[in-house]
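J.: need coordinates for the below:
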Amino acid sequence: MKLGIVGLPNVGKSTLFNAITKAGAEAANYPFCTIEPNVGVVTVPDERLKVLHEMYDSKKTVYTTIEFYDIAGLVKGASKGEGLGNKFLGHIREVASIIHVVRCFDDPNVVHVDGKINPLSDIETINMELILSDMEVLDRRIQKTQKNLKGEKGLQSELDILKKIKEALDNGMSARTLELTNEEREFVKSLELLSFKPIIYAANVSEDEAVSQTDNEYVAAVRQFAASEDSDVVVICAKLEAEIAELDEDEKAVFFEELGITESGLDKLIKASYHLLDLISFLTAGPQEVRAWTIRRGMKAPQAAGRIHTDFERGFIRAETIAYNELVQCGGNLATAKEKGLIRSEGKEYVVKDGDVILFRFNV
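T.: All right, here's what the predicted structure looks like:
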């Protein structure tokens with residue numbers, strides 16, 4: 001899973017990236033210090049793996065991972081090449097979803113590219129550049145579809161969808177705000193429109209406000225806007241996250257307790273990303289390895305097996321499945337679980353659930 005961190009220059013993007021990946025990306029108080037996207041790979045925390053590891057004394061524990069891309073600050077005119085904009089927009093096209101860092105703190109020592117703190121204006125600037133870039137893509141696609149329409153009458157429905165999106169973009173609406181059928185959604189997804197990508201707004205606040213866990217007027221405005229397009233908001237303090245990143249696990253626990261914080265900004269972003277992309281994890285467990293595998297909610301057993309190896313999907317026979325909580329209650333003893341009738345034999349139509357511990361049977 002690739003997540004792109006974007007925002008105007010000097011809103012805390014690279015500071016946040018450094019904090020959550022410890023990758024050491026340059027964080028400077030001037031625009032465009034990030035040109036090529038820095039990439040950091042982080043593990044997704046999952047307490048269930050720790051429990052299973054201890055239960056089976058496994059030789060190896062493998063967490064699922066997320067790639068964070070620190071994409072340079074966009075500015076007004078990026079879609080026309082301002083501030084190396086076309087290059088940055090191309091980087092956004094490669095990610096599954098966008099984390100838009102929005103400045104929600106006052107600090108006279110950190111310059112704002114527009115000279116004022118206005119998160120809604122910042123959001124509008126970024127969204128409009130994504131929309132303008134998409135309009136160029138759509139114009140070319142509409143022309144091509146109209147040209148081929150005479151020979152392929154089935155293209156009319158495709159043209160209707162393209163014009164529907166174009167009308168929304170012309171009115172300043174992001175493609176992700178449109179109400180679409182599942183079939184239309186799959187088609188629009190194939191267009192790789194930037195404004196169609198799901199988005200999380202990361203409201204970057206001061207340390208005091210992060211500790212008090214109360215919304216300031218900037219955060220409240222961001223929440224209201226995000227609700228209008230059914231997007232998520234995560235309140236973080238990039239500066240505080242940078243301090244937390246330097247601590248070991250024991251020090252973090254003490255630090256969190258002293259500040260009254262229950263989870264890090266990284267944990268919040270991961271949860272929001274899983275919710276936004278509708279992802280879940282199933283588990284495999286045994287003495288050799290315990291591991292989490294990330295899939296989309298609603299995926300059936302053969303396709304989930306294919307995440308492990310294509311042969312598992314091709315030669316799928318059945319999935320021997322038990323819920324994580326039930327396995328723990330049996331102390332990891334599969335014989336006990338079988339006696340209690342907790343292990344299920346599921347076929348090709350079984351929809352995998354979050355926390356399923358699965359052994360796939362296959363033959364190729």
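J.: give me the element Val102 is part of.
T.: Taking DSSP states H and E as the criterion, the element that holds Val102 is strand 97-103.
J.: what pairs with that strand, parallel or antiparallel?
T.: Neighbouring strands of strand 97-103 in its sheet, by DSSP bridges, are strand 2-6 (parallel), strand 199-204 (parallel).
J.: how far does the first one sit from its chain's centre?
T.: Once both centres are worked out by C-alpha atoms, centre = their mean, to the nearest Å, strand 2-6 turns out to sit 8 Å from its chain's centre.
J.: ok, now the last one?
T.: Centre-to-centre, strand 199-204 and its host chain are 11 Å apart (C-alpha atoms, centre = their mean).
J.: ends of stretch 221-235, how far apart?
T.: Stretch 221-235 stretches 12 Å from its first residue to its last (C-alpha to C-alpha, to the nearest Å).
J.: contacts for that stretch, please.
T.: Residues outside stretch 221-235 that contact it (C-beta atoms under 8 Å, 6 or more residues apart in numbering): 102, 104, 119-120, 123, 174, 176-177, 198-203, 205, 210, 213, 215, 219, 265, 268-269, 272, 275-276. No exception for glycine: its C-beta is placed from N, CA and C like everyone else's.
J.: in it, what's buried?
T.: With burial defined by 16 or more other C-beta atoms under 10 Å, the residues of stretch 221-235 counted as buried are Ala221, Val222, Arg223, Phe225, Ala226, Ser231, Asp232, Val233, Val234, Val235.
J.: hang on, the earlier thing: could I have the strand holding Val102 exported to CSV, CA atoms only?
T.: Extracted in CSV, the C-alpha atoms of strand 97-103 (Å, rounded to 0.1, in the frame of the first residue of the first chain):
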residue,chain,number,x,y,z
SER,A,97,-4.4,7.4,-1.5
ILE,A,98,-3.4,10.9,-0.5
ILE,A,99,-2.5,12.2,3.0
HIS,A,100,-3.0,16.0,2.6
VAL,A,101,-1.1,17.7,5.5
VAL,A,102,-2.9,21.0,6.3
ARG,A,103,-1.3,23.6,8.6
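J.: which of the contacts of stretch 221-235 are buried?
T.: So, by 16+ other C-beta under 10 Å, the buried ones in the contacts of stretch 221-235 are 102, 104, 119, 123, 174, 176, 198-203, 205, 210, 215, 219, 265, 268-269, 272, 276.
J.: need the helix or strand of this structure with the lowest average pLDDT.
T.: helix 85-92 (a mean of 63; mean pLDDT, DSSP states H and E).
J.: Leu89 contacts Ser133, doesn't it?
T.: Yes - using C-beta atoms under 8 Å, Leu89 is in contact with Ser133, at 5.1 Å.
J.: so who does the nearest residue to Cys104 once chain neighbours are set aside touch?
T.: The shortest distance from Cys104 to any non-neighbouring residue, by C-beta to C-beta, 6 or more residues apart in numbering, is to Tyr218 (3.7 Å). With contacts defined as C-beta under 8 Å, 6+ apart, the neighbours of Tyr218 are Val102, Arg103, Cys104, Phe105, Ile117, Pro119, Ala203, Val205.
J.: Tyr218: which element?
T.: Per DSSP H and E: helix 217-228 holds Tyr218.
J.: for Ala337, give its distance to Asn325.
T.: Relative to Asn325, Ala337 is positioned 12 Å away (C-beta to C-beta, to the nearest Å).
J.: which one's more surrounded, these two?
T.: Between Ala337 and Asn325, counting by other C-beta atoms under 10 Å, Ala337 is the more crowded of the two (19 against 11).
J.: that older thread, out of the contacts of Tyr218, which is nearest to Val44?
T.: Distance ranking of the contacts of Tyr218 against Val44, using C-beta to C-beta, places Ala203 first at 22.2 Å.
J.: so what's the residue count around the nearest residue to Tyr350 once chain neighbours are set aside?
T.: Among residues not flanking Tyr350 along the chain, Ala301 sits closest, at 4.4 Å (C-beta to C-beta, 6+ apart). Ala301: 24 surrounding residues under other C-beta under 10 Å.
J.: for Ala301, list the residues it contacts.
T.: Ala301 makes contact with Phe316, Arg318, Ala319, Glu346, Gly347, Lys348, Glu349, Tyr350, Val351, Val352, Ile358, Phe360, according to C-beta under 8 Å, 6+ apart.
J.: tell me the pLDDT at it?
T.: Ala301 is assigned 97 on the pLDDT scale.
J.: and the gap between it and Ile244?
T.: Look at Ala301 and Ile244: by C-beta to C-beta, they are 39 Å apart.
J.: ok, Thr177 next?
T.: Distance from Thr177 to Ile244, by C-beta to C-beta: 34 Å.
J.: host element of Val357?
T.: Val357 belongs to strand 356-362, assigned by DSSP H and E.
J.: ugh, wrong one, Ser58
T.: Judged by DSSP H and E, Ser58 forms part of no helix or strand.
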